[in-house]
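K.L.:
model this:
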Amino acid sequence: MDHTAIVKGPRHQKIIGEFGELLICNWLSRSGFEVEVIDHTGIDIIAYHRGSDKRLGITIKSRTRTGDRENSSVNVFSYQNGKDDRQKALDACKAFNCELWIGIYVEATDYADLYLTSEANYDAKYRKPKRAIDDWKMGPRHLKTYASDPAVQHLRFVFQEGNWSW
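P.N.:
Sure, this is the predicted structure:
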(Lines give C-alpha, C1' and ligand atoms only; values in the text may rest on other atoms or scores of the structure.)
Protein backbone atom coordinates (compact mmCIF):
# COMPACT_ATOMS: atom_id res chain seq x y z
CA MET A 1 0.00 0.00 0.00
CA ASP A 2 1.21 3.50 -0.85
CA HIS A 3 1.63 5.41 2.45
CA THR A 4 2.31 8.72 0.71
CA ALA A 5 -1.33 9.23 -0.29
CA ILE A 6 -4.62 9.30 1.55
CA VAL A 7 -7.22 6.92 0.18
CA LYS A 8 -10.52 7.70 1.89
CA GLY A 9 -12.79 4.88 2.96
CA PRO A 10 -16.57 5.20 2.52
CA ARG A 11 -17.08 6.38 6.13
CA HIS A 12 -14.06 8.67 6.21
CA GLN A 13 -16.03 11.94 6.58
CA LYS A 14 -17.83 10.66 9.68
CA ILE A 15 -14.63 9.23 11.14
CA ILE A 16 -12.57 12.38 10.54
CA GLY A 17 -15.36 14.51 12.05
CA GLU A 18 -15.47 12.45 15.23
CA PHE A 19 -11.67 12.32 15.35
CA GLY A 20 -11.44 16.14 15.23
CA GLU A 21 -14.00 16.41 18.02
CA LEU A 22 -12.16 13.90 20.21
CA LEU A 23 -8.79 15.55 19.60
CA ILE A 24 -10.17 18.86 20.81
CA CYS A 25 -11.82 17.12 23.78
CA ASN A 26 -8.48 15.59 24.70
CA TRP A 27 -6.65 18.89 24.32
CA LEU A 28 -9.16 20.73 26.51
CA SER A 29 -9.33 17.94 29.09
CA ARG A 30 -5.53 18.04 29.40
CA SER A 31 -5.92 21.79 30.02
CA GLY A 32 -8.27 21.32 32.97
CA PHE A 33 -11.64 21.55 31.22
CA GLU A 34 -14.60 19.27 31.79
CA VAL A 35 -15.60 18.32 28.26
CA GLU A 36 -18.56 16.66 26.60
CA VAL A 37 -19.35 15.92 22.97
CA ILE A 38 -22.97 16.86 22.39
CA ASP A 39 -25.35 16.26 19.52
CA HIS A 40 -26.82 19.73 19.19
CA THR A 41 -27.49 21.90 16.19
CA GLY A 42 -24.71 24.48 15.91
CA ILE A 43 -22.13 23.20 18.38
CA ASP A 44 -20.31 19.91 18.86
CA ILE A 45 -18.60 20.27 22.24
CA ILE A 46 -19.31 21.98 25.53
CA ALA A 47 -16.30 22.63 27.77
CA TYR A 48 -16.22 24.08 31.27
CA HIS A 49 -13.17 25.25 33.21
CA ARG A 50 -13.80 25.51 36.97
CA GLY A 51 -10.78 27.67 37.71
CA SER A 52 -11.86 30.43 35.36
CA ASP A 53 -15.59 29.60 35.24
CA LYS A 54 -15.19 29.71 31.45
CA ARG A 55 -17.82 27.87 29.37
CA LEU A 56 -17.14 27.16 25.73
CA GLY A 57 -19.54 25.98 23.06
CA ILE A 58 -17.37 24.75 20.21
CA THR A 59 -18.27 24.12 16.61
CA ILE A 60 -15.77 21.76 14.96
CA LYS A 61 -14.96 21.54 11.27
CA SER A 62 -12.80 18.57 10.28
CA ARG A 63 -11.51 17.98 6.77
CA THR A 64 -9.04 15.85 4.85
CA ARG A 65 -7.14 17.68 2.13
CA THR A 66 -4.99 15.89 -0.40
CA GLY A 67 -2.79 16.84 -3.31
CA ASP A 68 -3.45 20.28 -4.71
CA ARG A 69 -6.28 20.87 -2.18
CA GLU A 70 -4.04 20.95 0.91
CA ASN A 71 -4.19 24.76 1.01
CA SER A 72 -7.97 24.92 0.48
CA SER A 73 -10.04 26.88 2.98
CA VAL A 74 -12.38 25.20 5.43
CA ASN A 75 -15.96 26.47 5.46
CA VAL A 76 -16.97 27.48 8.98
CA PHE A 77 -20.41 29.11 8.66
CA SER A 78 -22.72 29.18 5.65
CA TYR A 79 -25.38 31.76 4.91
CA GLN A 80 -26.44 30.23 1.59
CA ASN A 81 -29.92 29.01 0.66
CA GLY A 82 -31.55 30.47 3.76
CA LYS A 83 -29.01 28.94 6.16
CA ASP A 84 -27.44 30.82 9.02
CA ASP A 85 -24.97 28.43 10.64
CA ARG A 86 -23.52 31.19 12.82
CA GLN A 87 -26.90 32.04 14.32
CA LYS A 88 -27.58 28.36 15.03
CA ALA A 89 -24.28 28.13 16.90
CA LEU A 90 -24.95 31.37 18.79
CA ASP A 91 -28.44 30.16 19.74
CA ALA A 92 -26.99 26.89 21.04
CA CYS A 93 -24.40 28.79 23.07
CA LYS A 94 -27.11 30.99 24.52
CA ALA A 95 -29.13 27.90 25.52
CA PHE A 96 -26.08 26.39 27.25
CA ASN A 97 -24.80 29.72 28.64
CA CYS A 98 -21.44 29.49 26.89
CA GLU A 99 -19.15 31.44 24.58
CA LEU A 100 -18.86 30.37 20.93
CA TRP A 101 -15.49 28.98 19.85
CA ILE A 102 -14.36 27.54 16.53
CA GLY A 103 -12.27 24.40 16.14
CA ILE A 104 -10.65 23.40 12.86
CA TYR A 105 -8.96 20.04 12.23
CA VAL A 106 -7.39 19.60 8.79
CA GLU A 107 -5.31 16.61 7.88
CA ALA A 108 -3.12 16.53 4.80
CA THR A 109 -0.87 13.78 3.48
CA ASP A 110 2.09 14.35 5.82
CA TYR A 111 0.67 16.45 8.65
CA ALA A 112 -2.48 17.63 10.40
CA ASP A 113 -3.28 20.99 11.98
CA LEU A 114 -5.67 21.60 14.83
CA TYR A 115 -6.78 25.18 15.55
CA LEU A 116 -9.00 26.60 18.26
CA THR A 117 -10.06 30.23 18.65
CA SER A 118 -12.97 32.24 19.93
CA GLU A 119 -15.64 33.52 17.61
CA ALA A 120 -14.75 37.02 18.83
CA ASN A 121 -11.13 36.59 17.73
CA TYR A 122 -12.18 35.06 14.42
CA ASP A 123 -14.57 37.95 13.76
CA ALA A 124 -12.05 40.63 14.72
CA LYS A 125 -9.13 39.28 12.68
CA TYR A 126 -10.19 36.77 10.03
CA ARG A 127 -13.83 37.18 9.03
CA LYS A 128 -14.73 39.02 5.87
CA PRO A 129 -18.22 40.51 6.42
CA LYS A 130 -21.14 40.05 4.04
CA ARG A 131 -19.87 36.84 2.44
CA ALA A 132 -21.99 33.77 1.72
CA ILE A 133 -19.53 31.59 3.64
CA ASP A 134 -17.19 32.32 6.54
CA ASP A 135 -14.04 30.27 6.08
CA TRP A 136 -10.70 29.42 7.68
CA LYS A 137 -7.93 30.02 5.17
CA MET A 138 -5.20 27.38 4.93
CA GLY A 139 -2.69 29.04 2.62
CA PRO A 140 0.93 29.58 3.75
CA ARG A 141 0.41 33.29 4.46
CA HIS A 142 -2.63 32.58 6.65
CA LEU A 143 -0.89 29.77 8.54
CA LYS A 144 1.93 32.18 9.36
CA THR A 145 -0.59 34.74 10.63
CA TYR A 146 -2.31 32.16 12.87
CA ALA A 147 1.08 31.11 14.26
CA SER A 148 1.76 34.67 15.39
CA ASP A 149 -1.69 35.15 16.93
CA PRO A 150 -1.68 34.26 20.67
CA ALA A 151 -5.50 33.98 20.57
CA VAL A 152 -5.28 31.06 18.12
CA GLN A 153 -4.36 27.80 19.80
CA HIS A 154 -2.56 25.45 17.40
CA LEU A 155 -1.22 21.92 17.38
CA ARG A 156 0.55 20.28 14.46
CA PHE A 157 0.86 16.54 14.03
CA VAL A 158 3.44 15.12 11.64
CA PHE A 159 2.73 11.72 10.17
CA GLN A 160 5.79 9.54 9.76
CA GLU A 161 5.85 6.11 8.25
CA GLY A 162 6.79 3.63 10.91
CA ASN A 163 7.10 -0.11 11.09
CA TRP A 164 3.72 -0.87 9.63
CA SER A 165 2.50 -2.17 6.32
CA TRP A 166 -0.56 -3.75 4.74
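K.L.:
Counting by contacts, list what the lengthiest strand in the chain packs against.
P.N.:
Counting residues, the longest strand found in the chain (DSSP state E) is strand 54-64. Packed against strand 54-64 by the contact rule (3 or more C-beta pairs under 8 Å, 6 or more residues apart in numbering; DSSP states H and E) you find helix 12-30, strand 43-49, strand 74-78, helix 85-96, strand 99-107. (C-beta placed from N, C-alpha, C; glycine too.)
K.L.:
List of residues touching whichever helix or strand comes after the longest one?
P.N.:
It refers to helix 12-30. Next helix or strand after helix 12-30 toward the C-terminus (DSSP states H and E): strand 33-40. Strand 33-40 is contacted from outside by 21-22, 25, 28-29, 44-50, 56, 92, 96, using C-beta atoms under 8 Å, 6 or more residues apart in numbering.
K.L.:
What strand or helix carries T109?
P.N.:
Counting by DSSP H and E, no helix or strand carries T109.
K.L.:
Sorry, wrong one. I was asking about Y146.
P.N.:
helix 140-147.
K.L.:
Check the chain and tell me which residue is nearest its centre.
P.N.:
I104 (1.6 Å; C-alpha atoms, centre = their mean).
K.L.:
what angle sits between the longest strand of the chain and helix 85-96?
P.N.:
140 degrees (axes from the mean of the first three to the mean of the last three C-alpha atoms, to 10 degrees).
K.L.:
For strand 54-64, the averaged confidence score.
P.N.:
Taken as a whole, strand 54-64 has a mean pLDDT of 95.
K.L.:
which parts of that strand are buried?
P.N.:
For strand 54-64, the neighbour count (16 or more other C-beta atoms under 10 Å) marks 55-64 as buried.
K.L.:
now for those residues, which pair is the farthest apart?
P.N.:
For the buried residues of strand 54-64, the farthest-apart pair by C-beta to C-beta is R55 and T64; their separation is 30.4 Å.
K.L.:
burial of the closest residue to L90 other than its chain neighbours, as a residue count?
P.N.:
Distances taken as C-beta to C-beta, 6 or more residues apart in numbering place L100 nearest to L90, at 6.0 Å, with adjacent residues excluded. Using other C-beta atoms under 10 Å, L100 has 21 neighbouring residues.
K.L.:
Thanks a lot, catch you later.
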